[in-house]
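J.: Requesting a structural model of the entry that follows:
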Amino acid sequence: MEKNKSLKVLIVGAGMYVCGRGTTGYGTILPALFQAQKDGWELEVKVAATSAGSVKALRAKLAALRKIFGFGLDVECFPKGKSRDPQAYQQPLKDGWWPDCAIVSVPDHLHFAITANLLRRSIPCLVVKPLAPTLREAKELVKLQRAKNVYGAVEFHKRYDRSNLKLKEAIGSGKIGDPLYFIVEYSQRKNIPLGVFKSWATKSNIFQYLGVHYVDIIYFATRALPQRVMAVGQKNFLRAKGVDTYDSIQCLIEWKSSNGRRFTSAILVNWIDPEGTSAMSDQKIKVIGTKGRYEADQKKRGICLVTDAAGIEEPNPDFSAFYANGEGETTFRGYGVESILQFVSDVRGIIDGETSPEKLEGKRPTFSEALVSTAVVEAANQSLKRNGAWVNL
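T.: This is a model prediction of the structure:
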């Protein structure tokens with residue numbers, strides 16, 4: 001019997017990660033759902049923005065995606081009128097349309113209120129990272145999710161990156177011995193805080209928004225637990241541009257493995273890379289163990305494109321990219337896409353009784369798994385306020 005592949009999906013948010021707003025691209029979430037339909041899914045999608053301007057930009061991206069894929073996706077946009085409506089995501093529910101799941105892609109400080117509201121209505125949620133800025137909020141979301149017995153996951157797409165899966169294998173197999181220290185360098189271009197996220201950059205920071213990915217990867221690869229955290233940062237460039245947030249943050253985390261042995265990670269992040277850098281994200285990870293080392297340059301994926309229009313580019317074909325097959329058909333693939341499709345498939349599997357939220361614990365980046373990264377984010381924010389003091393977890 002063929003598996004039911006129909007689903008109603010509510011997307012809350014219409015920004016860069018949903019549809020590529022503010023960029024020349026198309027984001028990840030919407031094109032991933034186009035790909036799901038191409039793969040045989042029957043989807044009904046509603047997207048909630050906050051203003052008519054956002055809806056207009058969203059519709060332009062949708063029109064372009066329909067041309068790229070050669071077919072349409074059933075998408076309805078909210079709000080309908082010309083007024084601003086931060087609660088537009090609730091309108092489809094008021095109209096009697098009930099989603100099978102929701103994907104929440106909004107600024108960090110809005111994660112808790114929106115996700116909690118959806119969970120209270122027993123709607124499974126996929127939330128972009130971080131789950132929440134504070135451990136109290138994250139724990140409350142876990143509590144709500146369990147009380148309603150619905151699925152909750154965080155869109156930690158780096159868990160699907162083959163580079164990080166290879167890291168997990170190298171550590172889990174014992175090839176590099178006991179980890180001693182991790183060094184992570186992760187950065188993005190200036191236009192992220194100055195343009196794309198300018199409206200809320202001061203309510204987050206580069207470690208909370210970006211560094212949290214590698215906190216989760218270290219936990220995912222080692223299953224160690226963080227013991228204490230310290231962080232320092234600099235406010236030079238962005239503050240001078242009228243955006244009062246950190247240019248760069250350096251965070252030190254001490255971890256304890258299940259065997260009682262400890263290791264340290266240094267996560268160095270910034271979002272003031274030059275606009276002319278060859279990739280949106282520059283990312284590297286190095287792990288030193290008692291028997292070896294693991295190093296991955298996760299920006300240099302083996303492709304270099306040089307054009308008159310854009311100069312030198314080093315695209316990441318493994319994250320999310322369009323490809324044309326031998327038939328001339330367009331597909332959208334990568335670990336970012338896989339993260340979205342996995343959630344869609346898991347929700348359908350739960351509805352069909354093939355799995356359950358309990359069975360997915362330990363196998364997916366669930367809400368409870370995200371308590372670790374949220375605890376580190378909160379501790380780092382506390383350390384920043386305390387001039388780099390160690391914060392015990």
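
J.: And the host helix or strand of Leu144, what does it pack against?
T.: Leu144 belongs to helix 135-148 when assigned by DSSP states H and E. Counting contacts by 3 or more C-beta pairs under 8 Å, 6 or more residues apart in numbering; DSSP states H and E, helix 135-148 is packed against helix 111-120, strand 152-154, helix 370-385. Any C-beta I mention is one placed from the backbone N, CA and C, and that applies to glycine too.

J.: Need the three-state assignment for Asn259.
T.: What DSSP: H, G, I helix; E, B strand; the rest coil gives for Asn259 is coil.

J.: For stretch 345-364, list the C-alpha coordinates in PDB.
T.: Only the C-alpha atoms of stretch 345-364 are listed here, as PDB (Å, rounded to 0.1, in the frame of the first residue of the first chain):
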ATOM      1  CA  SER A 345       7.700  12.900   6.200                       C
ATOM      2  CA  ASP A 346       7.900  12.400  10.000                       C
ATOM      3  CA  VAL A 347       4.600  14.300  10.500                       C
ATOM      4  CA  ARG A 348       2.900  12.200   7.900                       C
ATOM      5  CA  GLY A 349       4.300   9.100   9.600                       C
ATOM      6  CA  ILE A 350       3.000  10.100  12.900                       C
ATOM      7  CA  ILE A 351      -0.500  10.800  11.400                       C
ATOM      8  CA  ASP A 352      -0.500   7.400   9.800                       C
ATOM      9  CA  GLY A 353       0.600   5.600  13.000                       C
ATOM     10  CA  GLU A 354       4.000   4.500  11.600                       C
ATOM     11  CA  THR A 355       5.900   6.400  14.200                       C
ATOM     12  CA  SER A 356       5.400   8.700  17.200                       C
ATOM     13  CA  PRO A 357       7.000  11.800  18.800                       C
ATOM     14  CA  GLU A 358       8.500   9.400  21.500                       C
ATOM     15  CA  LYS A 359      10.100   7.200  18.900                       C
ATOM     16  CA  LEU A 360      11.700  10.100  17.200                       C
ATOM     17  CA  GLU A 361      13.500  11.300  20.400                       C
ATOM     18  CA  GLY A 362      17.200  10.700  20.000                       C
ATOM     19  CA  LYS A 363      16.900  10.400  16.300                       C
ATOM     20  CA  ARG A 364      15.900  13.900  15.300                       C
END
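
J.: just how off-centre is that stretch within its chain?
T.: Between the centre of stretch 345-364 and the centre of its host chain there is 20 Å, according to C-alpha atoms, centre = their mean, to the nearest Å.

J.: Buried residues in it, which are they?
T.: Of the residues in stretch 345-364, Ser345, Asp346, Val347, Arg348, Gly349, Ile350, Ile351, Thr355, Pro357, Leu360, Arg364 count as buried by neighbour count, 16 or more other C-beta atoms under 10 Å.

J.: residues in contact with it?
T.: Taking contacts as C-beta atoms under 8 Å, 6 or more residues apart in numbering, the residues outside stretch 345-364 that touch it are 3-7, 100-101, 124, 145-146, 149-153, 342, 366, 368-369.

J.: on that earlier part again, got JSON lines for the buried residues of stretch 345-364, with secondary structure and pLDDT too?
T.: Shown next, in JSON lines, are the buried residues of stretch 345-364 (DSSP: H, G, I helix; E, B strand; the rest coil; pLDDT from 0 to 100):
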{"residue": "Ser345", "secondary structure": "helix", "pLDDT": "97"}
{"residue": "Asp346", "secondary structure": "helix", "pLDDT": "98"}
{"residue": "Val347", "secondary structure": "helix", "pLDDT": "98"}
{"residue": "Arg348", "secondary structure": "helix", "pLDDT": "97"}
{"residue": "Gly349", "secondary structure": "helix", "pLDDT": "97"}
{"residue": "Ile350", "secondary structure": "helix", "pLDDT": "97"}
{"residue": "Ile351", "secondary structure": "helix", "pLDDT": "97"}
{"residue": "Thr355", "secondary structure": "coil", "pLDDT": "97"}
{"residue": "Pro357", "secondary structure": "helix", "pLDDT": "97"}
{"residue": "Leu360", "secondary structure": "helix", "pLDDT": "97"}
{"residue": "Arg364", "secondary structure": "coil", "pLDDT": "97"}
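
J.: Closest one to Glu140 out of the residues you listed, please.
T.: The nearest member of the buried residues of stretch 345-364 to Glu140, counting by C-beta to C-beta, is Pro357 at 16.8 Å.

J.: end to end, how far does stretch 187-195 reach?
T.: Distance between the boundary residues of stretch 187-195 (C-alpha to C-alpha, to the nearest Å) amounts to 16 Å.

J.: That stretch: how far from the chain's middle?
T.: Centroid displacement of stretch 187-195 relative to its chain, using C-alpha atoms, centre = their mean, is 16 Å.

J.: Now it: buried residues?
T.: Buried positions in stretch 187-195, judged by neighbour count with 16+ other C-beta under 10 Å: Ser187, Gln188, Arg189, Lys190, Asn191, Ile192, Pro193, Leu194.

J.: that older thread, may I see the PyMOL selection of the buried members of the contacts of stretch 345-364?
T.: In PyMOL, a selection of the buried entries from these looks like this (16+ other C-beta under 10 Å):
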select buried, resi 7+100+101+124+145+150+151+152+153+342+366+368+369
